[in-house]
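K.L.:
Here is my input; please provide its structure:
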Amino acid sequence: MLDKNDLKEVLSVALANGGDFADIFLEEKQTTGIGLEAGRIERVNSGLDAGAGIRVLSGEATAYAYTNDTSKQGLLAAAKIVSHAAQGGPKDLQLDLTTLKPLVDFRIKTRPENVSTQAKVELVKRVEQAARAVDREKIKQVIVGYGDTVQKVTVANSEGTYVEDERVRTRLMVNVVAAENGNIQTGYDAIGSHAGFEIFADCDPEQFARSAAHRAVKMLTALPAPAGKMPVVMAGEAGGTMVHEACGHGLEADLEQRQLSVYAGKKGQPVASQLITVVDDATLPNRYGSYRFDDEGVPSRKVTLIEKGILTDYLYDRLTAGKEKRESNGHGRRESYQHKPLPRMANTYIAPGKEDPDKIIKDYKSGLLVKKMGGGQVNTTTGDFVFDVAEGYLIQDGEIGPLVRGATLTGNGPEVLRMVERVGSDLGFTIGTCGKDGQGAPVSDAQPTMAIKELIVGGTAHGSADKQLSRRFTAGYGKIRRI
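P.N.:
Coordinates of the predicted model:
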């Protein structure tokens, strides 16, 4: 077990040939994964991975090395490697490592490692049976995935910071395939939290599975979606895919600084309707993207990115913050010790408004109600996006009309946020694994019920809107990766 004196020695070696800053990221991660498909348990995996990453910053240059040898000698060897890339001459490092206490705490009631593998397998089987019981004739396939992670990290740096953190995450996903007369439809859902096995006491996993199954079966009788420009009401339960992809990535400071964001250089300017406030808050209890400290040892915090339509901030790690001579706001994240930190989202959401969500729909004679979002693509440089609608309904004279299938939403992030004209008082979260530069990070995102004045809806009734969509979207879009 390494003590603070060992870590100070490693930091001194890392900066032996120069450099402005050095840090050590120590990680121990225990994982369990269970997969069920075709009525059988296909996999039961468990593993333990441990290692360390050592970084030296010299101006805007980064030297990084990692090792799975977490002994003092292993870290010293990695530190010598990064020290050769540093410039500026030897630095006499005199520091005391001071332990930072977290500003927030997350209580874990039932630690996943204290729950037997058999109990986890039984949960997965119950979920599969609950989904199949919805319609044994039409449901042809049910895939269930369970996972939990216990990640312990230690961060020490040349500024004298020392932090320890533990992240416990538990998740469950179900994908249901229904078919009838050659028509194949799917229903998908996922739940997860910075919590232990208690999440399955707080929400009914079997009801969650039935919901996904009902969606798949209902889609078999859905009407073809219309095509054209129309009002779109996005229910809170649709989750925050829109804000995460069409807005959030563009507010990450590295993309903004490289002019790869539609929001580059727009701080202090209006970029959305006055009804829109966008927040990223890693301190939220029981949310999948939460943490006490980021992966650079910076305390987590609530960051308001857009306030009443005005762009107020970006998401920073230490490197991007240093370029602007400011402090990081706690969003330096990495997939593991094998990766360098990047500015990343945590829990991103549009703040709720004051309107009754049920009354919003009643004010629209026609349009599309989106209750569940699917996947899609987004270009962060231009803000253009296209998303699939997993569950959508026509709005007819202020009422929820027929279910439709095959709908897509096409638009531009800032333009769509400017066209939001109603915001409800609810807030619905979804979870996912966000991909960026080959790294995955657990996140959650949310939005209230929102009414958008006009969006291009692509449907199976091909028309001018579909032609416009095909002209507008070209290669170069990053695919959304969800759990």
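K.L.:
use CA for all of it now, contacts and neighbours both
P.N.:
OK.
K.L.:
And the helices in the stretch 251-400 of the chain, which stretches?
P.N.:
With DSSP state H, counting those that start in this stretch as the criterion, the stretch 251-400 of the chain has helices at 253-257, 318-323, 357-362.
K.L.:
which parts of the shortest one are buried?
P.N.:
The reference is to helix 253-257. By neighbour count on 16 or more other CA atoms under 10 Å, the buried set for helix 253-257 is 253-256.
K.L.:
and what of stretch 307-324?
P.N.:
So, applying 16+ other CA under 10 Å, buried residues of stretch 307-324: 307-321.
K.L.:
ditto for stretch 351-360
P.N.:
In stretch 351-360, the ones that count as buried by 16+ other CA under 10 Å are 351-353, 355, 357, 360.
K.L.:
show me the contacts for Val457.
P.N.:
Contact analysis of Val457 by CA atoms under 8 Å, 6 or more residues apart in numbering lists 226-230, 407-410, 465.
K.L.:
Output the helix or strand hosting it as PDB, nothing but the C-alphas.
P.N.:
Secondary-structure assignment from DSSP states H and E places Val457 in strand 450-458. Provided in PDB are the C-alpha atoms of strand 450-458 (Å, rounded to 0.1, in the frame of the first residue of the first chain):
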ATOM      1  CA  MET A 450     -41.000  21.000 -23.500                       C
ATOM      2  CA  ALA A 451     -42.900  22.400 -26.400                       C
ATOM      3  CA  ILE A 452     -40.900  23.200 -29.500                       C
ATOM      4  CA  LYS A 453     -42.600  25.600 -31.900                       C
ATOM      5  CA  GLU A 454     -41.400  23.700 -35.000                       C
ATOM      6  CA  LEU A 455     -39.200  20.800 -35.900                       C
ATOM      7  CA  ILE A 456     -38.600  18.700 -39.000                       C
ATOM      8  CA  VAL A 457     -40.200  15.300 -38.500                       C
ATOM      9  CA  GLY A 458     -39.100  12.600 -40.900                       C
END
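K.L.:
how distant is it from the center of its chain?
P.N.:
Remark: strand 450-458 is offset 24 Å from the chain centroid, using CA atoms, centre = their mean, to the nearest Å.
K.L.:
Strand partners (parallel or antiparallel) of it?
P.N.:
With DSSP bridges as the test, strand 450-458 is paired with strand 228-234 (antiparallel), strand 408-412 (antiparallel), strand 420-423 (antiparallel).
K.L.:
between these, which gets nearest to Ser71?
P.N.:
strand 408-412 (50.1 Å; CA to CA).
K.L.:
what's the following helix or strand after that closest one?
P.N.:
Sequence order places helix 413-418 as the next helix or strand after strand 408-412, per DSSP H and E.
K.L.:
Which other helices and strands does that next one contact?
P.N.:
The contact analysis (3 or more CA pairs under 8 Å, 6 or more residues apart in numbering; DSSP states H and E) places helix 413-418 against strand 450-458.
K.L.:
Just tell me which of the strands paired with strand 450-458 ends up closest to Leu284.
P.N.:
Nearest of these to Leu284, taken as CA to CA: strand 420-423 at 21.5 Å.
K.L.:
Would you mind listing the outside residues contacting the helix or strand just after the closest one?
P.N.:
Using DSSP H and E, the next helix or strand after strand 420-423 towards the C-terminus is strand 428-436. Where contact means CA under 8 Å, 6+ apart, the residues beyond strand 428-436 that reach it are 190-192, 236-241, 288, 440-448, 480-483.
K.L.:
pretty sure Ile456 contacts Ala407?
P.N.:
No - using CA atoms under 8 Å, Ile456 is not in contact with Ala407; the gap is 10.0 Å.
K.L.:
between those two, which one's more packed in?
P.N.:
It is Ala407, of Ile456 and Ala407, that has more neighbours when counted by other CA atoms under 10 Å, with 24 against 20.
K.L.:
May I see the buried residues of stretch 155-169?
P.N.:
Those would be 155-159, 161-169, for stretch 155-169 by 16+ other CA under 10 Å.
K.L.:
For Ser300, state which of those is nearest.
P.N.:
The shortest approach to Ser300 among these belongs to Asp165, at 11.3 Å (CA to CA).
K.L.:
Name the next helix or strand downstream of the helix or strand the closest one falls within, please.
P.N.:
Element membership for Asp165, per DSSP H and E: strand 161-180. Counting by DSSP H and E, the next helix or strand C-terminal to strand 161-180 is strand 183-193.
K.L.:
Dump that following strand to CSV, restricted to CA.
P.N.:
What follows is strand 183-193, C-alpha atoms only, in CSV (Å, rounded to 0.1, in the frame of the first residue of the first chain):
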residue,chain,number,x,y,z
ASN,A,183,-43.4,-6.6,-38.7
ILE,A,184,-40.6,-6.4,-36.1
GLN,A,185,-40.5,-3.8,-33.4
THR,A,186,-38.4,-3.2,-30.2
GLY,A,187,-38.8,-1.7,-26.8
TYR,A,188,-35.8,-0.7,-24.7
ASP,A,189,-35.3,0.7,-21.2
ALA,A,190,-32.5,1.1,-18.7
ILE,A,191,-32.2,2.1,-15.1
GLY,A,192,-29.0,2.9,-13.1
SER,A,193,-27.7,4.9,-10.3
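K.L.:
any residues touching it, and which ones?
P.N.:
Strand 183-193 has contacts (CA under 8 Å, 6+ apart) with 169-179, 199, 208-209, 212-217, 219-220, 286-289, 390, 430-431, 483.
K.L.:
for the stretch 1-150 of the chain, what spans make up the helices?
P.N.:
Under the criterion DSSP H, counting those that start in this stretch, helices of the stretch 1-150 of the chain are mapped to 4-14, 72-83, 117-132.
K.L.:
State the mean pLDDT of the last one.
P.N.:
Translated: helix 117-132. Across helix 117-132, pLDDT averages out at 98.
K.L.:
mind listing what's buried in it?
P.N.:
For helix 117-132, the neighbour count (16+ other CA under 10 Å) marks 117, 120-121, 123-125, 127-132 as buried.
K.L.:
Now do that helix: which elements does it pack against?
P.N.:
Packing partners of helix 117-132 (3+ CA pairs under 8 Å, 6+ apart): strand 21-37, strand 139-157, helix 205-219.
K.L.:
Now render those as JSON lines, adding mean pLDDT and distance to Pro402.
P.N.:
Listed next are the helices and strands packed on helix 117-132 as JSON lines, based on pLDDT from 0 to 100; distance: least, CA to CA, whole Å:
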{"stretch": "strand 21-37", "mean pLDDT": "98", "distance to Pro402": "32"}
{"stretch": "strand 139-157", "mean pLDDT": "98", "distance to Pro402": "22"}
{"stretch": "helix 205-219", "mean pLDDT": "97", "distance to Pro402": "11"}
